[in-house]
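Trainee: Just a sequence and a predicted model for now, questions to come.
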Amino acid sequence: MPGRTVSFHPDDRYAAFLRTIPEAPCGEGRLAGVPVAVKDNISTAGIETTCASKILKGYVPPYDATVVERLKREGAAIVGKTNMDEFGMGTTTENSAFWPTLNPADPTRVPGGSSGGSAAAVAAGLVPLALGTDTGGSIRCPAAFCGIVGLKPTYGRVSRYGLIAYANSLEQIGPMARTVKDASLLMEVIAGHDPRDSTSRDCPYHHAPDPEIRGVRIGVPEEFFGEGVDPRVASVVWDAISLLERKGAEVITCRMPSMAYALAAYYVTCTSEASSNLARFDGVRYGPPADTKKPWHEAFQEQRRAGFGEEVRRRIMLGTFALSSGYYGKYYAKAQAARNNVRADFERLFCDVDVLAGPTMPTVAFRFGEKSDPLSMYLSDILTVPANLAGVPAISVPCGKVDGLPVGLQIMGRWMEDERVVDVAYAFEQGGSP
Amino acid sequence: MTVIVGLEIHCQLDTATKLFCGCSTDYRDDPPNSHVCPVCLGLPGSLPKINRKAVEYALRVAKALNCEVPEESEFARKNYFYPDLDKGYQITQYDKPLAVCGYLDIEGDEGEKRVRITRVHMEEDPGRLVHKGGADRPKYTLVDYNRAGIPLIEIVTEPDLRSPKEARRFLNKLRATLEYLGVFDSEKEGSLRVDANISLAGSERVEVKNITSYKGVEKALTFEVTRQKNAIRRGQKIVRETRHFVEARGVTTSSRSKEMEQDYRYFPEPDLRPLRVRDWAEEIKIPELPDARKQRFIEDYGVSPTHAATLTGDWQIAEFYDSLPADLRVSTATATWVADTLLGELNYRDMSIRGVPLDHFKELLLIRQAGEITEKAAVEVLRTLLDQIRDTGTCELPRQCIGRLGLFVIAAAEEGADDPVTAAARQAIAENPQAVADFCQGKKEALNFLVGQVMRKTRGCAKPGDVNRVLTSLLSGDE
Amino acid sequence: MACTCGSGHSPDNNGYKKPYQDYLSSYRTLEPAREAYPGMITERDTEHIAQLADIAIDREELASFTSRFNEILEYFDILDQVEMAEESGEKAYNIFREDEVVPSLSQEEALSNTTAPEEGFFRAPRVM
């Protein structure tokens, strides 16, 4: 029905949105009139899209990302763009160039990141559905911290066309919702082949979550309960796994040796790709204009110094170093080898088990400013990056609380078996005995 | 001193769309930034997708250059900053090029020569810069991304060339080959760019960039040879550097070495999937290439090797020649006429065979062959038509031109009739009593003089045989 | 087909490094770090990296950036233990589009995100 709109005037007390659309157009379809929040690194035609960076302030894409087209085709109302760590680089959403987002579960704590705005918008009940993006945990981490469901799909299952690239080979757009069913519905809408994305696979997702998990073999890698994992979080997650066992799943402990270097491989890869992806921000074609009175090199340097936040500059420079002459072999090439080992570890484990389970995050949500040095922040991604390195699906589903703060159970599945991780999460969510 | 030259040639592939998006490549007459989309403008979130035709064209080239096609090749990002780069990197190929280890045979300084091809790879063209401002105003740059994303192939030769002339011969042969393959239009502005590495044996090599024409290559290299020889003679050392060719002045200038040492930080393009095209390459059929065609012209049409080389050195001329009627093709006069007269006249006017209505010239050849005009008149018509094309872009039909200039052959009638040739002969005899007297005294050369006079009066349209016959008959009548 | 331009330099190469080999030497092999960055990177190295990344860096920031880099790079050293592995996983090849023209953006749309276009061009800093 042309001309229909959804009025959207949320009480955004957690600062989840960077901008909202007060009268958002919507249509007919499976999501007719459903308000959906979209992370600000996903291109929306006619709506400013900044990646929460000053360098894209004022940028209005002339085109929609494929996932946005798909949302519109199903009648959804794009009601706002959500806050995030600048370009997705962070685990807390504190790296937004504009403002931090608060965790609705405890406003003195971060919502996680980088899709912190999407998670907070859903957790606060402002929208039922949101799109996040997950490069190394950016959907699952805030889902866990805010107590909602977040799915990182299999790499290639959801089109990246229109997603402003941070690390192309790792990231996927995925659904965030309060329930597994809602997340699954949103996944149905956004998944599917896109001829514009060469890495997209022709593997649509049509699935009604099924809580029957009798006989499903669940592997639990010891490394997911290793050093750095809060014992209270571990305990809650073990309880969750036990529940799955009671529902008929078989639980098998296993090992994943490549976890030793997965995080390093992840950070080398994502910073390398980012250093190249973010080279286009020079103030010539979009964003605040570069100073054309200066020589180009000087103008670009100043533009990028002023436009990027500290963490973004750090990652661009790290990636630049990792790719530079004489270091490619030590860093980038080794990281790709490590990545192959991670993939091989998953393949090996998936011969004996159907899914892997563990905590999504080693801890509950941090206090603001708690992770002040970058390396300790990076280390908190240790449990989420393996799925990105291997390109396999992973979901975070709320599984309990520690000190009143949500804890996420992470289920990882075989390549292209997003349906199965959804089912296991759904089974857990349904709770109780079989 | 041995001159050692290696070339890196960038050619635009003549596809309908760009290498990684569906924007049209036909931008030359259009306003700036009117052939761009999120992909070739490098808008955030856009993704490239490989044009199948561009790969096919590049494989044709690889095949024609006798290259090996590795099992797997891939695109990589070459990272550097410059305002003409829309993404801050260029998508190109690096350690896994499309094709490697080929060769092209050329007519070298010392006979047939094989020039080895190191590699053939694909990449995208950057945008175009226009420099503004000047002495009184701050300088800045304007950028047009219509060209950004045009598919290029880069062909890299081994340092096998030994003179500027050889380098030019190589380029001419390469151009002809690319045109035979139907993948390249040399007439399009900026469709070919060459970087040349040149050294004198025992010295450092110098890279000359920014050569944008075929003649430019020979000019730039000749300048460099002289410059380097002079420097060595003066006891200076040749420094390894990059120089730019300034076409207008025919010189190369040192580019400021102040610019940072380049470190392109190549890595595989994560937005694209690798290519496995070896089997496809096997299946691709390539048309008859210049060497084969030259051989066929010699064998089937009896054309001399020199003429055959000229006639097949340009695809369009070879096509023209092949389209002529069989009896014309086998005539030496036709080969001479096309290879020497037509091409000579074009060259003289700095015109190219393109944009010339070849059907007109075919007709002119047929008229000449039928004896309706003389050789001399044919050349005059050709010149007239070419001048018209040069000045106005079009020309008259040959018959119209011949008629207008009154150049159709004037036939002399039978004995004693009053026709223009006979009239002219009478006039010539009347005006040149001395010559007539000489002739009567047996000086046969005097007849030639009189024939010349008659030809002049008939503006070359009389047949020399007729003139001879009429004069002889008139003069013997006078005796 | 025999490959004549492989690894061996022919005698008349005259010091040319073949482009192909140039690439390979810096790309494919896992050579140890250069002397320029012996284990730890220095503030000068950080400046050089910033130059390559085209990001200005303030004097005050140099020290903190450099020490952070060294912490992180030290952590990355764990990658030294990784053996080169066979590539695994599902891989797709030859993903092409057909050579069919699709409409471009209008010039107005193309320039819509720039503040001071001039005669249909983007405006950039000077390069001469």
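Mentor: Looks like it arrived, so ask away. Numbers count the residues shown, from 1 in each chain, chains lettered A, B, ... in the order given.
Trainee: Run a quick neighbour tally on B:R77.
Mentor: 26 (other Cβ atoms under 10 Å in any protein chain shown). Backbone N, C-alpha and C define where each C-beta goes, glycine included.
Trainee: Quickly list what it is bridged to.
Mentor: B:I91, B:F267 (DSSP bridges).
Trainee: Find the closest residue to chain A in chain B.
Mentor: In chain B, no residue comes nearer to chain A than B:G88, which is 2.4 Å away by Cβ to the nearest Cβ.
Trainee: if I look at the spatially closest residue to that residue that is not a sequence neighbour, how far off is A:C270?
Mentor: In space, B:G88 comes closest to A:A279 once its chain neighbours are excluded; the distance is 2.4 Å by Cβ to Cβ, 6 or more residues apart in numbering or on different chains. Distance, A:A279 to A:C270, by Cβ to Cβ, to the nearest Å: 15 Å.
Trainee: Return the residue spatially closest to A:P204, with its sequence-adjacent residues excluded.
Mentor: A:G192 (4.4 Å).
Trainee: Look at that neighbour and say how many residues are nearby.
Mentor: Neighbour number of A:G192 under other Cβ under 10 Å is 19.
Trainee: thinking again about what came up before, quick one, what contacts the residue of chain B closest to chain A?
Mentor: By Cβ atoms under 8 Å, 6 or more residues apart in numbering or on different chains, the residues touching B:G88 are A:276, A:278-282, B:42, B:79-81.
Trainee: Which residue ranges of chain A form helices?
Mentor: Ranges of helices in chain A, per DSSP state H, are A:66-73, A:116-123, A:140-146, A:180-190, A:231-246, A:259-277, A:296-307, A:310-323, A:334-352, A:374-379, A:385-390, A:418-430.
Trainee: now do the stretch 201-350 of chain B
Mentor: B:214-233, B:278-283, B:290-301, B:305-312, B:315-323, B:326-329, B:332-336, B:343-348 (DSSP state H, counting those that start in this stretch).
Trainee: looking at those, which is closest to A:A394?
Mentor: Taking Cβ to Cβ, helix B:278-283 is the member of these nearest to A:A394, at 36.8 Å.
Trainee: lowest average confidence, helix or strand, in chain A?
Mentor: helix A:374-379 (a mean of 93; mean pLDDT, DSSP states H and E).
Trainee: B:T118: how many residues sit nearby?
Mentor: Neighbour tally, B:T118, other Cβ under 10 Å: 24.
Trainee: Is it correct that it falls within a strand?
Mentor: Yes. Looking at B:T118 with DSSP: H, G, I helix; E, B strand; the rest coil, it is inside a strand.
Trainee: So A:A279 and A:C270 - more neighbours on which side?
Mentor: Taking neighbours as other Cβ under 10 Å, A:A279 and A:C270 compare with A:C270 leading, 29 against 24.
Trainee: for the more buried one, what are its contacts?
Mentor: A:135-136, A:166-167, A:170, A:315, A:319.
Trainee: Same list, those, but as JSON lines with neighbour count, distance to chain C and pLDDT please.
Mentor: Output for the contacts of A:C270, formatted as JSON lines (neighbours: other Cβ atoms under 10 Å in any protein chain shown; distance: Cβ to the nearest Cβ, whole Å; pLDDT from 0 to 100):
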{"residue": "A:T135", "neighbour count": "31", "distance to chain C": "17", "pLDDT": "98"}
{"residue": "A:G136", "neighbour count": "30", "distance to chain C": "15", "pLDDT": "98"}
{"residue": "A:Y166", "neighbour count": "27", "distance to chain C": "15", "pLDDT": "98"}
{"residue": "A:A167", "neighbour count": "25", "distance to chain C": "16", "pLDDT": "98"}
{"residue": "A:L170", "neighbour count": "23", "distance to chain C": "13", "pLDDT": "98"}
{"residue": "A:R315", "neighbour count": "28", "distance to chain C": "10", "pLDDT": "98"}
{"residue": "A:G319", "neighbour count": "30", "distance to chain C": "8", "pLDDT": "98"}
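Trainee: Any stretches of the stretch 101-250 of chain B with poor pLDDT?
Mentor: Scanning the stretch 101-250 of chain B for pLDDT under 70 picks out B:135.
Trainee: what do you get if the cut-off is 50, keeping everything else the same?
Mentor: Scanning the stretch 101-250 of chain B for pLDDT under 50 picks out no residues.
Trainee: just chain C next, same as before
Mentor: Where chain C drops to pLDDT under 50, the residues are C:1-37.
Trainee: Near B:G344, how many other residues are there?
Mentor: Neighbours of B:G344 (other Cβ under 10 Å): 12.
Trainee: typed the wrong thing, it's B:S73
Mentor: For B:S73, using other Cβ under 10 Å, the count is 23.
Trainee: before we move on, what about the one 10 residues further on?
Mentor: B:P83 is surrounded by 27 other residues when neighbours are defined as other Cβ under 10 Å.
Trainee: Brilliant, that's me finished.
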